[in-house]
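[1] Kindly return the folded structure for what I paste below:
(chains A and B)
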Amino acid sequence: MRWLLLKDLQILRRSPLQAFLLVAYPVLIAVLVGFAISRSPEKPRVAFLDEIPSDARVSVGTQQLPTLGIDKRICGRVECVRVKSRGEALDEVRSGEVVAALILPADLVDRLNSLSTPNPQVPEVEAIVNEDDPLKARIVNDRLTALLTEANLVIARRIAHEGGRFVGLVVHGGQLKILGQAIPFLGLANTARILRAVRASLPPGPLRDSLDQVLRFTALTRGNLGTAAALLTRLSQPIVADKQVVSASSPPLEVFAIAVAATFTLAFVAILLVAGSLALEREENAFARLTRGLVSPSGLLTEKVALGVAVGLAVTLLMLAGLTPFVPLHWSRIGLWLAAILAGGAALGAAGAALGAAAREVRAVSLLAFMVTLPLAFLALIPSGTVGAGLYDVIKVISALFPFKPALQAITAGLDSSGPSMVSPLIHLLALTVAYGLLARIALRRFTAV
Amino acid sequence: MEAGSGNAVDVLEARGLVKRFGEREALRGVDLAAEAGELVAVIGPNGAGKTTLLSILAGISKADEGEVRVSAGKVGWVPQQAALYRRLTVEENLLLFARLERHPDPHGSVEGMLGLTGLGERRGEVVARLSGGNQQRINIAIGLLARPSVLLLDEPSVGLDPRQRARLWEFIGGLAGDHGTTVIFSTHDIQEAERYGGRMLVLADGEALFDGSAEELREAVRREAPEAADRDFETAFVSFLHHRGH
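    Numbering: from 1, shown residues only, chains lettered A, B, ... in the order given. Prediction:
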């Protein structure tokens, strides 16, 4: 078997372009996928027009709130492109320079203030979007909805805060600032204290009974207003999330991204190399000559899988070494990496052997390997909850039948201790190696037909 | 059938070979025997069953009926299309198969084959750059690395120009004459078979019609197709097949 392995490596060395592509292409794909997964999306560019007069303030009763700072909050979430007019905003959206335009109209604060009047008006902001791409439209809509929700939340919090402060003033008393002047505000607590002092000086009689009624009223009102102040505080965010993690703890996103990149590399190298070199035996008419007593078909399959594992291991480790300066990798866990890469490489190589035995030409096999590997690898990356339950069940079954996902799980576990367990993916990979090996052995019978 | 093999010890003997592909019978009870150092040409039109017969003799296919017996040594097989690794050099190809054949001195065996094929000076060349004739010589040399007592060649001269063909047959003739290797080759070129084959087995539609020397075949053709006897041998042979219902 070692002479066949040496021969395959000689052939690979003799084809520098093919060898380069075999290494460079998966590494490039892997790095791109890794970056796509690990990096948070860039801030979308949004044209922003703020027509609100600088001195406009939201009022609560006789109080004017300080500036809301909605523009700062919005521009913290998106990349704001300041425009001077609605027409300019429209042009920016039409040209595709920005994904949307957000216009805060001049009467926005007036409309907000009208909410506490007998003739309330609905405060509106204007959003202009370009929906030429359904995917982009969905993302922009989601982002706009989130921005408006946040803006509403900011206003609600400010109003609740001011309302709560005002109620506190009614209950406890203090200084009420109106038009820059501090006006003393007695408050219910002080009122009750004064009334109790007055009551003590009064003889029993109808006047004292009336005073007792007023004291009971102030006590009751203070209690209820105290509850109302707490309610106002909670009103701005009545529901908070208490996140409970029920599944295994996940590794850091960057580790997962590296695992995805490594698995992509391993999958492409192992599948393409094994499938291609097996088909090459047929294309070079050497299969029948080899299996006429020189090597058994099973021995030939084992040699091909070993080739895929060896080259896949080398390229994957090279890629991980190349990523080390950019991301922290625990090289002390290299034993686990090797176990995961070897098991993953064997299963992926066996799948490549099944493909290589199914088709007879190297070109057809290469095309088939790409057509099978790419979609199945991407299917394995779809997280639960992002598609319908039925569809996800189908994806789970398909992913379980192809070695990419268990190889990804094993490599993730190998890279980081907080990842999923390595035992079950290794057993899964072993089972797939045997299953695909048997499939390849059966398919090889076609090769012997003269 | 007109004639059988001779009287000396047969190194290869096949009896009553039948091969079916579904409903079609590719071979219908074919017998063949060959002695040491004999050159046997298996001739017949396309689809006669030549490749099927050779693949059964080589052990690549199994006959549905009949048996093949090899009295001594191995059977070497050289497929019609060169079974070589085109990206490896001449020497690397030979060395690989010498190692796979477990030669005690693979490098020595390679030197021997390079001398036999006359390709010593081109040992470092990648096979893909060699001419079809030279590729076929390497193809045969690899077959010989099995140290066979019988060498089976499936249409070895297909695609070669006359000069390459002459050199190839000189090489094959040397194997049979100088090394005592029994060579059985298939061809659909009647003149090539007549020129190089010591004996000829004529197949048509899976049936063995004749087994004997070239002179005996000419006699049979004259006897069964007298109207074509004065014409060239190929035309007379076609008339012979026609008379036999093929």
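[2] Kindly report the residues of the stretch 51-200 of chain A close to chain B.
    For the stretch 51-200 of chain A, there are no residues in contact with chain B under the definition Cβ under 8 Å from any Cβ of the partner chain. Just so you know, the C-beta spots here come from the backbone N, C-alpha and C atoms, and that holds for glycine as well.
[3] how about the strands in the stretch 51-200 of chain A?
    Remark: strands assigned in the stretch 51-200 of chain A by DSSP state E, counting those that start in this stretch are A:59-60, A:63-64, A:79-82, A:100-104, A:126-129, A:174-178, A:181-185.
[4] Okay, strands next: where are they in chain B?
    Across chain B, reading from the start of the chain, the strands by DSSP state E fall at B:10-21, B:24-35, B:39-43, B:65-70, B:74-78, B:148-154, B:182-187, B:199-204, B:207-212.
[5] of all these, which lies closest to chain A?
    Distances from chain A to each of the strands of chain B were compared using Cβ to the nearest Cβ; the minimum, 6.4 Å, belongs to strand B:74-78.
[6] okay, the angle between that closest one and strand B:182-187?
    Compare the direction of strand B:74-78 with that of strand B:182-187 by axes from the mean of the first three to the mean of the last three Cα atoms, to 10 degrees and you get 30 degrees.
[7] send the alpha carbons of strand B:74-78 over as CSV?
    As requested, C-alpha coordinates have been extracted for strand B:74-78 and formatted as CSV (Å, rounded to 0.1, in the frame of the first residue of the first chain):
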residue,chain,number,x,y,z
LYS,B,74,1.7,-16.5,-14.2
VAL,B,75,-0.4,-15.0,-16.9
GLY,B,76,0.6,-11.4,-17.8
TRP,B,77,-2.0,-9.1,-19.2
VAL,B,78,-1.6,-6.0,-21.4
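[8] tell me the mean pLDDT over that strand?
    Rounded to a whole number, the mean pLDDT of strand B:74-78 is 86.
[9] counting contacts, what elements does that strand pack onto?
    With contacts taken as 3 or more Cβ pairs under 8 Å, 6 or more residues apart in numbering or on different chains; DSSP states H and E, strand B:74-78 sits against helix B:50-58, helix B:132-144, strand B:148-154.
[10] Contacts for the longest one next, please.
    Okay, so that is helix B:132-144. Counting by Cβ atoms under 8 Å, 6 or more residues apart in numbering or on different chains, helix B:132-144 makes contact with A:289, B:76-79, B:82-84, B:90, B:93-94, B:97, B:113, B:116-119, B:122, B:127, B:130, B:151-153, B:156-157, B:159-161, B:163-165, B:167-168, B:171-172, B:175, B:181, all of which sit outside it.
[11] switch the cut-off to 6 Å
    With Cβ atoms under 6 Å, 6 or more residues apart in numbering or on different chains as the contact definition, helix B:132-144 has outside contacts at B:76, B:78, B:82, B:84, B:90, B:97, B:113, B:117, B:151, B:159-160, B:164, B:168.
[12] Most neighbours out of those residues, which is it?
    The member of these that has the most neighbours, counting by other Cβ atoms under 10 Å in any protein chain shown, is B:Phe97 with 30 neighbours.
[13] Contact partners for that one?
    B:Phe97 makes contacts with B:142, B:145, as judged by Cβ under 6 Å, 6+ apart.
[14] Could you report the pLDDT at it?
    Note on B:Phe97: pLDDT of 93.
[15] got the contact list for the residue nearest to the spatial centre of chain B?
    Among the residues of chain B, the smallest C-alpha distance to the mean C-alpha position (Cα atoms, centre = their mean) belongs to B:Phe185, namely 1.4 Å. Shown in contact with B:Phe185 (Cβ under 6 Å, 6+ apart): B:41, B:153, B:156.
[16] gap between it and A:Pro123?
    When Cβ to Cβ, to the nearest Å is applied, the distance between B:Phe185 and A:Pro123 equals 96 Å.
[17] Please apply the same query to A:Thr218.
    Separation of A:Thr218 from A:Pro123 (Cβ to Cβ): 37 Å.
[18] which residues of chain B score low on pLDDT?
    Applying pLDDT under 70 to chain B flags residues B:1-8.
[19] Within range of chain A, give me the residues from it.
    Applying Cβ under 6 Å from any Cβ of the partner chain, one finds that chain B approaches chain A through B:55, B:60-61, B:79, B:81, B:83, B:85, B:87, B:96, B:99-100.
[20] And the furthest pair within these?
    Spatially, the most separated pair among the residues of chain B next to chain A is B:Ser61 and B:Arg87, at 28.8 Å (Cβ to Cβ).
[21] Now do the same contact list for the nearest residue to A:Ala435 once chain neighbours are set aside.
    Spatial nearest neighbour of A:Ala435, chain neighbours left out: A:Ala350 (7.8 Å); criterion: Cβ to Cβ, 6 or more residues apart in numbering or on different chains. A:Ala350 sits next to A:305, A:433, A:436-437 when contact means Cβ under 6 Å, 6+ apart.
[22] what's the answer for A:Leu102, then?
    Contacts for A:Leu102 (Cβ under 6 Å, 6+ apart) come out as A:46, A:48, A:127.
[23] got any ranges where the stretch 151-300 of chain A has weak pLDDT?
    Applying pLDDT under 70 to the stretch 151-300 of chain A flags the ranges A:178-180, A:235-238, A:240-241, A:243-252.
[24] Now do the helices in it.
    Under the criterion DSSP state H, counting those that start in this stretch, the stretch 151-300 of chain A contains helices at A:188-200, A:206-235, A:253-283, A:286-290, A:297-323.
[25] Mean neighbour count, those: which tops it?
    helix A:253-283 (a mean of 27; mean count of other Cβ atoms under 10 Å in any protein chain shown).
[26] ok, so what distance separates B:Phe240 from B:Glu155?
    From B:Phe240 over to B:Glu155 (counting by Cβ to Cβ), the distance is 21 Å.
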